[in-house]
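>>> Sequence below, structure please.
(one chain, ligands or ions: 2)
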Amino acid sequence: MAGVRRLVLDWDGTVTEVDTLHLVLERFGDPGLFRRTEGQLGHTLGLHEVIAVEFASVRAPLAEVVEWLLEHVRIRPGFRELAERWRPLVLSSGFRELIEPVLAREGVELELLANELDPSPEGWRVRFRDEAVCATCGEACKRGSLLEDPVTYVGDGYSDRCAALAADRVFATGALARYLDGLGVPFEPFSDLHDVARGLERPAR
Ligand SMILES: [Mg+2]
Ligand SMILES: [Zn+2]
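Numbers count the residues shown, from 1 in each chain. Ligands and ions are numbered 1, 2, ... in the order given. Next up is the predicted model:
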């Protein structure tokens, strides 16, 4: 396995087709607050502030949310095959309590780094895994969790920006792909995880 890079996957919008935090907020949170705070992300609010404010509007029992999520969340094709072949690390700004049941449904066991929840009936509180502020982007970002070198990073969104810039090879879709395009940073596009698996069999461009 010499020369093989550690594969790191974002979860929401990367493994899942739709961001499950957005699904949960639209169904169980305050959708108006959600839309307002998303507009402030990266401007007046950092990612952790946005997540904390948005999830304080969720008061449903965790078991009810998990049951609903398991009925509605869809995983991009190729996830299980990618997981078995490359044993990726899942590095998420979402919550262990909402990710582990989906992994179990899919029959996949992987190393997971994610935030945790205190699902209080007065409003969910977030326990952030890592609040160290990154010297590069000024937020508590994912870059500091890329301990192994070299890394291939797979992502779709805002939370992946700084880590993607630190990775040796990047597969991107959605807003992350547009962001990297805007910076002129090379990446490989994907629409499902079979694309990523096929790409990993080729040398990096
Ligand atoms: Mg994402
Ligand atoms: Zn950073």
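>>> drop to CA atoms for contacts and neighbour counts, all remaining ones
Noted.
>>> what secondary structure does residue 94 sit in?
strand (DSSP: H, G, I helix; E, B strand; the rest coil).
>>> Show me where this structure dips below the pLDDT cut-off.
1-4, 205 (pLDDT under 70).
>>> Apply 50 and report the result again.
1-3 (pLDDT under 50).
>>> can you give me the helices for it?
With helices called from DSSP state H, the chain shows them at 20-28, 31-40, 47-55, 62-72, 79-86, 96-106, 161-166, 174-183, 193-200.
>>> got these as TSV, with mean neighbour count columns?
TSV is the format used below for the helices of the chain (neighbours: other CA atoms under 10 Å):
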stretch	mean neighbour count
helix 20-28	18
helix 31-40	14
helix 47-55	19
helix 62-72	14
helix 79-86	16
helix 96-106	16
helix 161-166	20
helix 174-183	15
helix 193-200	17
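>>> In JSON lines, list those along with distance to ligand 2.
Below are those laid out as JSON lines (distance: least, CA to the ion, whole Å):
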{"stretch": "helix 20-28", "distance to ligand 2": "21"}
{"stretch": "helix 31-40", "distance to ligand 2": "18"}
{"stretch": "helix 47-55", "distance to ligand 2": "11"}
{"stretch": "helix 62-72", "distance to ligand 2": "30"}
{"stretch": "helix 79-86", "distance to ligand 2": "25"}
{"stretch": "helix 96-106", "distance to ligand 2": "21"}
{"stretch": "helix 161-166", "distance to ligand 2": "5"}
{"stretch": "helix 174-183", "distance to ligand 2": "14"}
{"stretch": "helix 193-200", "distance to ligand 2": "24"}
